[in-house]
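Visitor: Give me coordinates for this.
(one chain, ligands or ions: 3)
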Amino acid sequence: MNLVIDGGNTFIKTAVFQNNTILDKQIFKKEEFLKKIDQLQKKFPEIEESILSSVTSLDPEVEKRLEKAFSLLRLDGNTKIPFTNSYATPQTLGIDRIALVAAAVNSYSGKNVLVIDAGTCITYDLKTSEEVYLGGAISPGLEMRFKSLHKFTANLPLVTAKPEPELIGDTTESSILSGIINGIKMELKGTVESYCSKFEDLTVIFTGGDSQILSIPLKNSIFANSNFLLEGLNFILEFNKTQ
Ligand SMILES: Nc1ncnc2c1ncn2[C@@H]1O[C@H](COP(=O)(O)OP(=O)(O)O)[C@@H](O)[C@H]1O
Ligand SMILES: CC(C)(COP(=O)(O)O)[C@@H](O)C(=O)NCCC(=O)O
Ligand SMILES: [K+]
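Guide: Ligands and ions are numbered 1, 2, ... in the order given. Purely as a prediction, here's the structure:
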């Protein structure tokens with residue numbers, strides 16, 4: 001039984017896997033981490049291995065607790081991975097993006113895949129049909145855009161996201177909702193189109209905490225998968241057991 005941990009810039013996500021099936025999934029803030037580890041250890045005493053991917057620094061006590069409770073694989077730039085990483089600066093590559101590409105290898109090997117993860121940032125990652133990771137893009141996430149409009153202007157309010165805003169906003173709030181949510185959707189559609197024109201038979205995976213509210217029409221080659229990064233971490237953990 002495996003415990004996989006995805007430490008993002010906003011939330012920690014964990015999943016317990018048994019034979020590639022998720023038995024439990026949690027999403028929580030960093031401050032709750034220690035309590036959550038104890039709860040998971042009690043609920044799933046059969047957990048033996050764990051993998052940690054964090055894009056931010058964690059409380060050293062957390063890592064100590066994880067190492068004590070389960071054998072811990074820390075995902076970093078040196079971890080063995082099931083694909084060729086041709087990113088020019090592998091040492092600065094977000095390890096969350098490594099996990100997303102591993103998930104693409106696991107579920108769609110032999111295919112060109114674009115993985116879009118809408119969280120604190122929106123990341124775009126391209127894996128070729130030959131299992132080579134080329135890179136992609138990093139764009140400000142949904143909340144970041146609301147916060148930046150508020151923080152970097154004199155009078156704009158901090159608006160809370162609402163689904164499906166009208167194209168033409170006729171109030172300050174609806175103008176901001178349209179500019180941000182419709183703007184991101186147009187970014188998503190335009191980016192998918194650009195990648196589709198460069199890579200034939202492209203599979204697109206849409207994931208991340210904001211993928212629901214930012215959902216775009218899922219054509220036959222676009223799939224939503226809220227557990228994609230967690231699946232990628234489990235695949236890397238299983239892959240390293242065979243190395
Ligand atoms: N349970 C939740 N509570 C609050 N916000 C959530 C929740 N699930 C998803 N979200 C949305 O997901 C976003 C964070 O997505 P996530 O992929 O976890 O980010 P990251 O991986 O960068 O930490 C938040 O900005 C929020 O809009
Ligand atoms: C871009 C990210 C902050 C995304 O993190 P997230 O939205 O999952 O919190 C993370 O992938 C990162 O820190 N990347 C480092 C720069 C790079 O990938 O080139
Ligand atoms: K992300």
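Visitor: other SSEs contacting the longest helix seen in the chain?
Guide: With secondary structure taken from DSSP state H, the chain has its longest helix at helix 183-198. Here helix 183-198 touches strand 113-118, strand 121-127, helix 142-151, strand 203-207, going by 3 or more Cβ pairs under 8 Å, 6 or more residues apart in numbering; DSSP states H and E. All C-beta spots, glycine's among them, are computed from the backbone N, C-alpha and C.
Visitor: Now do the helices in the chain.
Guide: All helices of the chain, identified by DSSP H, fall at 33-43, 60-69, 95-108, 142-151, 172-177, 183-198, 228-241.
Visitor: touching ligand 1 at all, the fifth one?
Guide: By that I understand helix 172-177. No - if you take Cβ under 6 Å from any ligand atom as the test, helix 172-177 misses ligand 1, and the best it gets is 13.8 Å.
Visitor: what's the domain layout of the chain?
Guide: As assigned by automatic domain parsing, the chain contains the domains 2-74, 84-233.
Visitor: who's sitting farthest from the centroid in the protein?
Guide: Within the chain, D170 marks the point farthest from the mean C-alpha position, 33.8 Å out by Cα atoms, centre = their mean.
Visitor: quick one: that one from ligand 1, how far?
Guide: Note on D170: its distance to ligand 1, by Cβ to the nearest ligand atom, to the nearest Å, is 25 Å.
Visitor: what's the answer for E131, then?
Guide: Taking Cβ to the nearest ligand atom, one finds E131 at 24 Å from ligand 1.
Visitor: Just the buried positions in stretch 136-151, please.
Guide: Buried residues in stretch 136-151, counted by 16 or more other Cβ atoms under 10 Å: 136, 139-146, 149.
Visitor: same check, this time on stretch 42-59
Guide: Result for stretch 42-59 [16+ other Cβ under 10 Å]: buried residues 44, 47, 49-54.
Visitor: can that stretch be found next to ligand 3?
Guide: No - using Cβ under 5 Å from the ion, we find that stretch 42-59 stays clear of ligand 3, coming within 8.5 Å at best.
Visitor: For G8, list the residues it contacts.
Guide: 55-56, 96, 119-120, 209 (Cβ atoms under 8 Å, 6 or more residues apart in numbering).
Visitor: pLDDT for the residues you listed - can I get that in CSV?
Guide: Below are the contacts of G8 laid out as CSV (pLDDT from 0 to 100):
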residue, pLDDT
V55, 92
T56, 91
D96, 97
G119, 97
T120, 97
G209, 96
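Visitor: Nearest to L230 among the residues you listed?
Guide: Taking Cβ to Cβ as the measure, L230 lies nearest D96 of these, at 10.8 Å.
Visitor: Going by proximity to ligand 2, name the top residue of this protein.
Guide: Proximity of the chain to ligand 2 (Cβ to the nearest ligand atom) peaks at G94, 2.0 Å away.
Visitor: about what we covered before: if I look at the residue farthest from the centre of the chain, how far off is ligand 3?
Guide: 32 Å (Cβ to the ion, to the nearest Å).
Visitor: quick one: that residue and G209, what's the gap?
Guide: Separation of D170 from G209 (Cβ to Cβ, to the nearest Å): 29 Å.
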